[in-house]
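Enquirer: need a 3D model of the following:
(one chain, ligands or ions: 2)
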Amino acid sequence: MCAGVYCGNRRQLLVLSVCVLTGLIYFLRGKRLAAVSIPSVPLLSDVSRRGPPVEGEEFPMKTPWGAPLVWGDSESSAWRRDEFAHHSIRTSLAILAVGKYNHFLRRLLSTAELHFLLNFYVTYYVLTDRPKELDPLPKLGSNRELKVIPVAEMPGWDTLGLRRMALLASLIGDRIHLEVDYVFCIDVDQEFTNAVGAEILGKLTATLHPVFYGQQRYYYPYEKDLDSMAYIAEGEGDYYYTSEFYGGLCSEMLALTRACSLLILQDQERGVKAQELEESYLNRYLVNRRPTCVLSPEYSWWDSPQAPEVPTQRLHSIGRQCLSTGKTGGNTDAC
Ligand code: UDP
Ligand code: MN
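Expert: Ligands and ions are numbered 1, 2, ... in the order given. So this is what the prediction gives:
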């Protein structure tokens, strides 16, 4: 109960406090979004309240050239999984593990057994200089097998980063294309944390780099050295892709790995090296041959102030996480 001037004052006070509180919330939220500088991606709390991603500005479902942009829990991903469910498709993961990177291998394999293309034929092609470290072989589900391909120990991280394309090109050409339909190249320093299903299957699939997702093209670390075969001119290119996870039909992957290893070789002959190594050449290739399936950063994620919050984290990069927190050297359990 109130009357006269007291009632008016109290009401004014109430309205004033609501306004101040709302203003404060907007200010704090604005600051948070500005800090991660990816305004198009909602905060995780908003995401879980809204349920699965739906078409819209926050979750684009298509690239400008009409390829699907994949969020695993969206309706279109469910349709894509249904489409593939009745085909007996043979898929594979190609994993390079040389030197100290061998210690990542078991974690990648055991999490792939929990989350990667369950109910499909999966072959793990493990290229390693220490085949004995896989002894005893990890227990695999039915229709899943592991093939070890011994490779020579190669000194130097740079050298290895640039050798992978050539190794893959010869392995796909000699063997993989005869044995499976799809091959995905994956960095060993990663783990699957949630389902990765048939929604990823495309003729040519590439994954958006989380740090540059939603950023202006200007910030992409495309190769800027005019002398490099990986050079990307201003105005070229759509997205910046990660080299940690990409794949597709064997024929497409054979073309990609052959073309990229040729670009790398041409640079090496002239003593040129692209700044982001393999990733630079991959991005160059994907400018000319756009992927037919683009995976959102759900499929390449690590905890960093620059990475967007995503509805579901599916593939987690332990190595890049360690780099972003400054823990490198392969001495700790995680890194
Ligand atoms: N790699 C390896 N041994 C090495 C360096 C690299 O086996 O000494 C392989 C491994 O599969 C690794 C990939 O090459 O995940 C790419 O290297 P890295 O993950 O260090 O590159 P980044 O993700 O930091 O670009
Ligand atoms: Mn990596």
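Enquirer: mean confidence score for stretch 109-123?
Expert: The pLDDT scores in stretch 109-123 average 97.
Enquirer: does ligand 1 have contacts with it?
Expert: No. Shown here: stretch 109-123 not in contact with ligand 1 (CB under 6 Å from any ligand atom), separated by at least 12.7 Å. No exception for glycine: its C-beta is placed from N, CA and C like everyone else's.
Enquirer: and for stretch 184-201?
Expert: Yes. Contact of stretch 184-201 with ligand 1 (CB under 6 Å from any ligand atom) involves 187-189.
Enquirer: contacting residues for whichever residue of the stretch 151-300 of the chain sits closest to ligand 1?
Expert: Per CB to the nearest ligand atom, Asp187 is where the stretch 151-300 of the chain lies closest to ligand 1, at 3.2 Å. With contacts defined as CB atoms under 8 Å, 6 or more residues apart in numbering, the neighbours of Asp187 are 243-245, 317, 319.
Enquirer: what's the spacing between the closest residue to ligand 2 within the stretch 151-300 of the chain and His86?
Expert: Of all residues in the stretch 151-300 of the chain, the one sitting closest to ligand 2 is Asp187 (3.5 Å; CB to the ion). Separation of Asp187 from His86 (CB to CB, to the nearest Å): 31 Å.
Enquirer: helices and strands around the helix or strand where Leu168 lies, which ones?
Expert: Using DSSP states H and E, Leu168 sits in helix 157-171. Where contact means 3 or more CB pairs under 8 Å, 6 or more residues apart in numbering; DSSP states H and E, helix 157-171 is packed against strand 90-97, strand 121-128, helix 250-269, helix 278-288.
Enquirer: need the contact list for Thr193.
Expert: 111, 115, 313-316.
Enquirer: Tyr125 contacts Leu171, correct?
Expert: Yes. With contacts counted by CB atoms under 8 Å, Tyr125 reaches Leu171, the gap being 6.6 Å.
Enquirer: touching ligand 1 at all, stretch 215-230?
Expert: No. Stretch 215-230 is not in contact with ligand 1 by CB under 6 Å from any ligand atom; minimum separation 11.4 Å.
Enquirer: buried set for that stretch?
Expert: Within stretch 215-230, the residues that qualify as buried are 215, 220-223, 228-230, counting by 16 or more other CB atoms under 10 Å.
Enquirer: tell me which residue is most central in the protein.
Expert: Ser300 (2.8 Å; CA atoms, centre = their mean).
Enquirer: quick one: it from Arg175, how far?
Expert: In terms of CB to CB, Ser300 sits 27 Å off from Arg175.
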